[in-house]
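Colleague: Next comes the sequence, and after it the predicted model I'd like to discuss.
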Amino acid sequence: MSFVIRMALREIRASWQRLLFFFVCIAVGVASIVAIRSVIQSVRQGLTREARAMTGADVVVRSDRPLGDEIRAAVQRERATGRVGTVSEAVELVTMVRPEGVATTRMVELRAVESSFPLYGTMTLQDKPYAHDLLRDHGVLVRPELLAQLNLRVGDDLLIGAQRFQIRGVIQSEPGRNLGAFSLGSRVFIDLADLPSTGLLSFGSRASYQLLLQVPSPPPLPGRRDPSLVLATELSKTFVNDFIGVRSYRQNEGRMNQNLSRAENYLSLVGLVVLILGGIGVSSVTRVFVQQKVRSIAILKCVGSSSRQVLAIYLTQVVLLGLAGSALGVAIAAGVLQLLPLFVGNIAALLQVDYGLTVGAVLQGLAVGVLVSLLFSVVPLLEVRNVKPSLLLRQDIPSLPQFDWLKWTVATAVGAALVGVAAWQAGSVQVGLLLSAGFVALTFVLHLAGVALIRAVQPLRFARSFALRQAVLHVARPGNQTRIILLAVGLGTFFILGVRALQVNLLQDFSVQVGDDAPDMFLMDIQTGQRAGLTALIDRENGAENAPKLIPVLRARITAVRGRDVNLESYEDVRGRGGLSREFTITYRPQLEANEKLVDGKWWDATPAADTPEVSIEESLRNRFNIQIGDEMRFDVLGRIVTARVTSFREVDFRDFRAGGFMIVFRPGPFDNAPHNFIAAVRGGKDPVARARLQGLIVADYPNISVIDLREVLDTIKTIVDNVTLAVTVVGALVLLSGSLILIGAVSMTKFRRVYEAAILKTLGASSRLIATMLLLEYGVLGAIAGTVGAAGAIALSWAVARYGLDLPWQPAPFLTIGGIIVTAGAVAAIGVLASLDVLRHKPLSTLRAE
Amino acid sequence: MIQLRNVSKTVQSGDHPLTILHPLDYTIQSGQFVAIVGPSGSGKSTLLGLLAGLDAPTTGQILIDGVDITTLTEDGLARLRGEKIGFVFQFFHLVPSLTAFENVLIPMEIAGRRDATARARQLVEEVGLSDRAHHYPSQLSGGEQQRIAIARALANDPPIVLADEPTGNLDSTSGRHIMDLLLNVRRSRASTLVLVTHDAELASLADTRLVLRDGRPVPQNETPRIVPAAEATR
């Protein structure tokens, strides 16, 4: 055994430089896995530690409607029995704030709290400790960005709704704010007692009413469920049909943990893909390596070592190098984690996390790195068994190839093991299988496309230029690593171009939405009595030709279809199904809108509904719930039960939301006298000063109205798209980096052959320049083929995602595609020539003599 | 003792069989020095390779100390070579990634000898290359490489040393050096030495000569002057 290890070490000493690039590939893959897993595991540890503070209570009771007496009584009963300790009430809503006398407004997420807030965790202010007294008597706490946006200071006044508040402090961090939740505006805190004076809780306003409960915890006993979980389950069962959500912090913790571990597994698949790419490189280098080592293997066998020993030597070598590559990967990951706090400052403010390598992540990274190195090299290494020592005496006449059972058995086992590794990393057999199948399919397609393209350039063999002829011949030559380069570079190009193409499509679609003549501001929560005044104000500012369209909105739930009750087991169920029982925003009108298309049934005329109310349903709802024309549907519209007949189905283009996108539209009539709100789409124009002025005027006169600035929302969306694009581009760049490494490695592995050829050509009179041109053309052709394959894949990807995933009209991105191919070809040519500089430098005589 | 019984070798060349060695019976006594001579392509190296178990004969048996090596597996043959046979090639065949010293070391490491390092040092000294021991093969001259190869062949004290034109790729001075070394070895260890050579002078030193032509042994009395003929075909 010691002979095997000693020989393996000697072999590494001799050949590590040639194998270096491939083990750097392993390092890149391992680094991504270790870094991703470490970060998410650290965040998870932080979350588990802070779960109660994050939720801000043991149990949260939440509803979209004011909390009724029943639930309050129930909570009081629990308090009397001692199962509930402190109770703290809070209301959250989205509204507009503005400084007095200035025409600037901002949307904020307002939270009104009692003196017992926070039950858990700490509220941190920038300049002083938090105390509820700061809020008493119309005090407000704000985030620093709001001060900057509105140009205010602590001590200044801020108008919220109809009420003036004084800014008394700046929030640094608050407990209970959801990580990563989409936020409509910056947070402000006021006293719950001051909320009514703002007038914001008027009819139909969208607020979230909460009771935060503290549950005294008895000493934990094994086998007993957490009391907060028990209480949350009981309360949600009791109030199942009142649309009251009750959650324990344990559930939140569990859900976050689940989401995070899924995110961890999926994200580290990215690392696995990079690693597998590296593995493919390892496999190809091993094949060439064994070819080069045939003589040494024969000598070893000649002086008495068995096939098994020789195999063991090279397997040990692979394991040692795989381990070294993985260790390098861990070191890279550690470096990345050191730099991480520089980029995640804002998350760090919400949750204290120590970003460092976690033991689990490191072990997984090392294991996967070594496993992938070993799995990908074992099949080519089996060739050492077939090396006959007699080749030292004469070039053997090759024996007929026989079916090698062992090789195929091992190859099958390796395939199964790789699926296993993928499943392990994904944390799901299904995802593992899917990833493996996807990889095999993609490899197969890239391979086929590569073969087809290589064949397509073959006519160039008869080109007039000698260099070009040679280049084309070389690309098609067997053993030229063409396949591996195509695969590696093609995949990298595919990822990067695919994501870029998708981004172009997405952003184009958004920019179409905000044309100059399109409404770009939405007004929400307009009360019936405010309609005339508001219209007059906007006409005055904007001109009558741009009169806003007021759309009536009500909120409704579907409670039955065709007499069959849509039965609700629990609040969780409703949320889970995301289906019929959720609350819909509905409207009524006589006409179809421009973004709607009638697909079935008959649209009503302008006259109001006679006796039975009529309703039109969106196509997707129909399909999901199998609703048919003539069906009766029962709605709960703010407590009033309305039964309506389905008379038509519409297809709605939700991307064009100028007229709003409504799943459910009623024929005018039934709600004429019911209390309801309106929304309006207004043209604010491009000029930011005019827009700000209009917003300021509206909010000054009608404090309850919220203004959503579409241009701002689009900016936010653009930022999100940009961030996602950046993330995926990083992935593509990693893949491309591995691709380049494989390219460099492949070139240097086959260099010995080129050096020999170049020597012969030089003897026959070729100049270095001619040989350089040949190399440049060879790799240029190869790069162009890889780029074309990748770009074609990218077009297919972006088309499929746009068409089926995002439902966008697909647009080609010709400059991106052609530019991508050119850049790929250039890069591959440059890397290929640089990696072969030796070929040009070698003196022919020494090369030929050595052969 | 090495006994050949009806040993032949036929290979497939293109689509027709080609007999490199016709059935041959031959016995080499322990301690004997046998020179195998004959023109290129006469089957000399093939015969030597068969003796070392580097290749399997098409027919017949090869017995080394009474053991039929044609029945051994590939690994059994490897073990046999490790224990009983030292092989010296025309083209030296040192492992290029190992130093001269390590090349001498490996047969002993494979055999698991504890004194491997000390003995390797001694062997390298014996062939007069102590000062070059840590050079790689590419840094050594042909003669030096062949001396290392001989040291390697002797590593496990094999009773049989097989040499395939050991001087064929060397200049005459180096060649003489190598030959002296081999004869010295044979004398001091009393090992069996089987030598394939083109060199008449060398062949004349042997106890017995086996002359091959077109894969068949040529009776000795019919070819008193075989060597010039062999030289002529080179």
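Modeller: Okay, I see it. Numbers count the residues shown, from 1 in each chain, chains lettered A, B, ... in the order given.

Colleague: CA-only coordinates of stretch A:639-655 in CSV, if you can.
Modeller: Extracted in CSV, the C-alpha atoms of stretch A:639-655 (Å, rounded to 0.1, in the frame of the first residue of the first chain):
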residue,chain,number,x,y,z
GLY,A,639,-70.5,40.9,4.5
ARG,A,640,-73.3,41.1,2.0
ILE,A,641,-74.1,37.8,0.2
VAL,A,642,-74.6,38.3,-3.6
THR,A,643,-75.5,35.4,-5.9
ALA,A,644,-74.7,36.0,-9.6
ARG,A,645,-74.9,34.1,-12.8
VAL,A,646,-71.8,33.7,-14.9
THR,A,647,-72.6,35.1,-18.4
SER,A,648,-69.2,35.4,-20.0
PHE,A,649,-65.5,34.7,-19.8
ARG,A,650,-62.7,37.2,-20.6
GLU,A,651,-59.1,37.0,-21.2
VAL,A,652,-57.3,39.9,-19.5
ASP,A,653,-53.9,41.2,-20.4
PHE,A,654,-52.7,41.9,-16.9
ARG,A,655,-49.6,43.6,-18.1
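
Colleague: any idea how far it is from the chain center?
Modeller: On the basis of Cα atoms, centre = their mean, to the nearest Å, stretch A:639-655 sits 33 Å off its chain's mean C-alpha point.

Colleague: Contact partners for the residue of the stretch 201-350 of chain A found nearest chain B?
Modeller: Nearest to chain B in the stretch 201-350 of chain A, going by Cβ to the nearest Cβ, is residue A:304, at a distance of 2.3 Å. (C-beta placed from N, C-alpha, C; glycine too.) Applying Cβ atoms under 8 Å, 6 or more residues apart in numbering or on different chains, we find residue A:304 in contact with B:78, B:79, B:81, B:82, B:83, B:107, B:110, B:111, B:156.

Colleague: Look up the pLDDT of residue 19 for me, please.
Modeller: Looking at chain A here, since you left the chain open. The per-residue pLDDT reported for residue A:19 equals 75.

Colleague: I was after chain B.
Modeller: Per-residue pLDDT puts residue B:19 at 91.

Colleague: Quick check: bridge partners of it?
Modeller: Applying DSSP bridges to residue B:19 gives these bridge partners: residue B:10.

Colleague: and the gap between it and residue B:38?
Modeller: Look at residue B:19 and residue B:38: by Cβ to Cβ, to the nearest Å, they are 15 Å apart.

Colleague: ok, these two, which is more surrounded?
Modeller: For residue B:19 versus residue B:38, the count of surrounding residues by other Cβ atoms under 10 Å in any protein chain shown is larger for residue B:38: 27 against 16.

Colleague: quick one: that one and residue B:209 touch, right?
Modeller: No - the pair residue B:38 and residue B:209 does not pass the contact test of Cβ atoms under 8 Å, sitting 9.8 Å apart.

Colleague: any idea which element the residue of the stretch 651-800 of chain A found nearest chain B lies in?
Modeller: Going by Cβ to the nearest Cβ, chain B is nearest to residue A:752 of the stretch 651-800 of chain A, at 12.2 Å. Secondary structure from DSSP states H and E places residue A:752 in helix A:751-763.

Colleague: other SSEs contacting that helix?
Modeller: When contacts are defined as 3 or more Cβ pairs under 8 Å, 6 or more residues apart in numbering or on different chains; DSSP states H and E, helix A:751-763 packs onto helix A:768-800, helix A:837-841, helix A:844-850.

Colleague: Minimum distance to chain A, which residue of chain B gives it?
Modeller: residue B:82 (2.3 Å).

Colleague: Neighbours of that residue, how many?
Modeller: When counting by other Cβ under 10 Å, one arrives at 24 neighbours for residue B:82.

Colleague: could you give the mean pLDDT of stretch A:790-810?
Modeller: On average, stretch A:790-810 scores 78.

Colleague: Just the CA trace of it, in PDB.
Modeller: Taking Å, rounded to 0.1, in the frame of the first residue of the first chain, the C-alpha atoms of stretch A:790-810 are listed here in PDB:
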ATOM      1  CA  GLY A 790     -24.600  28.600 -26.900                       C
ATOM      2  CA  ALA A 791     -26.400  31.500 -28.600                       C
ATOM      3  CA  ALA A 792     -28.900  29.200 -30.300                       C
ATOM      4  CA  GLY A 793     -29.600  27.600 -26.900                       C
ATOM      5  CA  ALA A 794     -30.000  31.100 -25.300                       C
ATOM      6  CA  ILE A 795     -32.500  32.100 -28.000                       C
ATOM      7  CA  ALA A 796     -34.500  29.000 -27.300                       C
ATOM      8  CA  LEU A 797     -34.300  29.500 -23.500                       C
ATOM      9  CA  SER A 798     -35.300  33.100 -23.600                       C
ATOM     10  CA  TRP A 799     -38.100  32.400 -26.100                       C
ATOM     11  CA  ALA A 800     -39.400  29.500 -24.000                       C
ATOM     12  CA  VAL A 801     -39.300  31.400 -20.700                       C
ATOM     13  CA  ALA A 802     -40.800  34.600 -22.300                       C
ATOM     14  CA  ARG A 803     -43.600  32.600 -24.000                       C
ATOM     15  CA  TYR A 804     -44.500  30.100 -21.400                       C
ATOM     16  CA  GLY A 805     -43.000  31.400 -18.100                       C
ATOM     17  CA  LEU A 806     -43.600  35.100 -18.200                       C
ATOM     18  CA  ASP A 807     -46.200  35.300 -21.000                       C
ATOM     19  CA  LEU A 808     -44.400  38.100 -22.800                       C
ATOM     20  CA  PRO A 809     -44.100  38.700 -26.500                       C
ATOM     21  CA  TRP A 810     -40.600  37.500 -27.400                       C
END
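
Colleague: what comes up buried for it?
Modeller: Neighbour-count burial for stretch A:790-810, counted by 16 or more other Cβ atoms under 10 Å in any protein chain shown, picks out A:790-795, A:797-799, A:801-802, A:808, A:810.

Colleague: Identify the farthest-apart pair in these.
Modeller: Using Cβ to Cβ, those span at most 22.1 Å, a distance reached by A:790 and A:808.

Colleague: so the residue of the stretch 651-800 of chain A closest to chain B makes contact with residue A:292?
Modeller: Yes - under the criterion of Cβ under 8 Å, residue A:752 makes contact with residue A:292 at 7.3 Å.

Colleague: now residue A:286: how far from residue A:366?
Modeller: 20 Å.

Colleague: List the buried residues of the lengthiest helix in chain B.
Modeller: In chain B, taking DSSP state H as the definition, the longest helix is helix B:172-189. Buried residues in helix B:172-189, counted by 16+ other Cβ under 10 Å: B:174, B:175, B:176, B:177, B:178, B:179, B:181, B:182, B:185, B:186, B:189.

Colleague: between those, which is closest to residue A:551?
Modeller: Using Cβ to Cβ, the buried residues of helix B:172-189 come closest to residue A:551 at residue B:174, 102.2 Å.

Colleague: If I look at residue A:693, what pLDDT would I see?
Modeller: In this model, residue A:693 is scored at 81, pLDDT.

Colleague: From what I see, the residue of chain B closest to chain A and residue B:106 are in contact.
Modeller: No - counting by Cβ under 8 Å, residue B:82 does not reach residue B:106; the two are 9.8 Å apart.

Colleague: can you pull the contacts of residue A:84?
Modeller: Residue A:84 touches A:59, A:75, A:78, A:213, A:214, A:215, A:231, counting by Cβ under 8 Å, 6+ apart.

Colleague: pretty sure the fifth one contacts residue A:58?
Modeller: Yes - between residue A:214 and residue A:58 there is a contact under Cβ under 8 Å: 5.6 Å.
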